[in-house]
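A structural model of the following input is requested.
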Amino acid sequence: MILTFLSVFADVVAPVFALVLVAYLAGPRLSLDGRTLSRAAYYLFIPAFVFEVIRRFEGDVSAAFRMVAYIAVVHGILALAGWSVARLLRRPPEVVAAFVLIAVFGNIGNFGLSLIAFRLGEAALGAGTVYFLAIMTVAFVIGVTTAARVRGGSMGAALAVFRTPPILAILPAVLFRVTGLPVPAVIGRMTGLLGQAMIPVMLVILGLQLAESGRPRITTDVWAASAVRLILGPLIAAGLAIPFGMAGVERAAGIMQAGMPVAVMTTIIALEYNTAPAFVTHTILFSTAASLFTLTVVLSVV
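Numbers count the residues shown, from 1 in each chain. Here you go, the predicted model:
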């Protein structure tokens with residue numbers, strides 16, 4: 001078990017963290033603009049990756065729907081767990097909303113897809129992307145709705161997720177996949193090149209964003225929220241895998257995606273709705289560092 005743990009750490013986790021560390025150290029010294037690169041990923045690299053994976057997806061469609069239902073229930077329970085922990089700690093409404101954001105928004109893009117590719121192989125990216133899209137949709141709807149309710153915002157804000165570039169890329173990809181129509185060469189080659197660049201680009205973005213965030217302040221809330229995300233997440237996913245009929249790569253990818261550290265996206269939402277943004281940022285930094293150990297354990301088990 002110890003040899004497996006060390007092997008997974010050296011071969012899977014360390015390379016991902018090493019690239020993040022390079023970007024973390026190089027970003028300030030080279031004056032790299034993380035926001036510009038983030039926007040490029042959001043509008044170009046991620047939609048292209050989604051388009052490519054879906055149009056080439058060879059799995060069972062009914063299995064994909066089962067995977068979506070499975071991971072949606074997992075994150076619904078995680079949202080409830082985050083809310084419950086915050087209430088037990090007697091935190092104010094804005095902090096309760098922050099706990100929910102942290103619980104549902106895992107770093108399923110930067111970390112999740114990278115680790116799935118390294119640990120399970122390129123063939124597992126189909127399952128990883130199904131989870132990526134499902135989690136992102138569920139997280140936006142639950143997270144933004146919770147934050148909007150605390151601040152008296154519009155419920156329609158949560159539905160904005162369906163207008164985001166990665167989600168919009170689904171429809172044309174599905175059309176090409178279902179109809180069997182060939183993708184024009186110029187589009188296929190363009191999306192192929194952009195999609196291949198997504199994972200390394202997003203790891204660099206994460207390093208730049210962490211460098212801009214400063215040193216985290218570790219509090220009881222940070223520990224508690226990180227535990228929900230890093231420990232409770234994969235445990236819930238593992239527990240629900242059997243009832244939902246998850247096995248093999250589908251099960252492993254689902255558990256991995258449920259145990260990712262907190263996504264940087266949570267800071268953007270927390271700032272927008274003023275739901276304890278400092279606490280959210282500190283939790284992102286701490287959970288990312290702590291996941292160096294927790295993800296090694298999860299990857300060793302799956």
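
wait, residue 38 touches residue 209, no?
Yes. Using Cβ atoms under 8 Å, residue 38 is in contact with residue 209, at 7.4 Å. From N, CA and C alone the C-beta is placed, and that goes for glycine too.

what about residue 39, how many residues nearby?
Using other Cβ atoms under 10 Å, residue 39 is surrounded by 12 other residues.

now do the contacts for it.
Residue 39 makes no contacts at all, as judged by Cβ atoms under 8 Å, 6 or more residues apart in numbering.

give me the element it is part of.
Assigning secondary structure by DSSP states H and E places residue 39 in helix 34-40.

alpha carbons of the helix or strand following that helix, as CSV, please.
The C-terminal neighbour of helix 34-40 among helices and strands, as given by DSSP H and E, is helix 46-55. What follows is helix 46-55 as a C-alpha-only set of coordinates in CSV (Å, rounded to 0.1, in the frame of the first residue of the first chain):
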residue,chain,number,x,y,z
ILE,A,46,-12.5,24.7,-22.7
PRO,A,47,-15.4,24.9,-25.3
ALA,A,48,-13.1,23.3,-27.9
PHE,A,49,-12.2,20.5,-25.5
VAL,A,50,-15.8,19.9,-24.7
PHE,A,51,-16.7,19.9,-28.4
GLU,A,52,-14.0,17.4,-29.2
VAL,A,53,-14.7,15.0,-26.4
ILE,A,54,-18.4,14.9,-27.0
ARG,A,55,-18.3,14.5,-30.8
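
need the residues that contact helix 46-55.
109, 125-126, 129, 132-133, 165-166, 168-170, 172-174, 176-177, 183, 190-195, 198, 202.

6 Å instead, please
Contact with helix 46-55 is made by 126, 129, 165-166, 169, 173, 176-177, 191-192, 194-195, 198, as judged by Cβ atoms under 6 Å, 6 or more residues apart in numbering.

stretch 279-286 now?
98, 102, 213, 216-218, 221-222, 225-226, 262, 264, 266-267, 270.

emit the PyMOL select command for whichever of these are buried.
Remark: buried members of the contacts of stretch 279-286, expressed as a PyMOL selection using 16 or more other Cβ atoms under 10 Å:
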select buried, resi 98+102+216+221+222+225+226+262+264+266+267+270
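
wait, which of the contacts of stretch 279-286 is closest to residue 292?
residue 226 (12.4 Å; Cβ to Cβ).

ok, that closest one - contacts?
283, 286, 287, 290.

can you tell me the element the residue lying closest to residue 276 once chain neighbours are set aside falls in?
Take residue 276 and drop its neighbours on the chain: the residue closest to it by Cβ to Cβ, 6 or more residues apart in numbering is residue 98, 4.1 Å away. Per DSSP H and E, residue 98 falls inside helix 93-104.

which helices and strands sit right next to the following helix or strand past that helix?
Downstream of helix 93-104, the next assigned helix or strand under DSSP H and E is helix 114-120. Packing contacts for helix 114-120, counted by 3 or more Cβ pairs under 6 Å, 6 or more residues apart in numbering; DSSP states H and E, involve helix 248-258.

what is the helix it packs on packed up against?
helix 61-88, helix 114-120, helix 125-150, helix 233-241.

now the angle from the helix or strand harbouring residue 270 to helix 125-150?
Using DSSP H and E, the element containing residue 270 is helix 265-273. Orientation check (axes from the mean of the first three to the mean of the last three Cα atoms, to 10 degrees): helix 265-273 against helix 125-150 gives 20 degrees.
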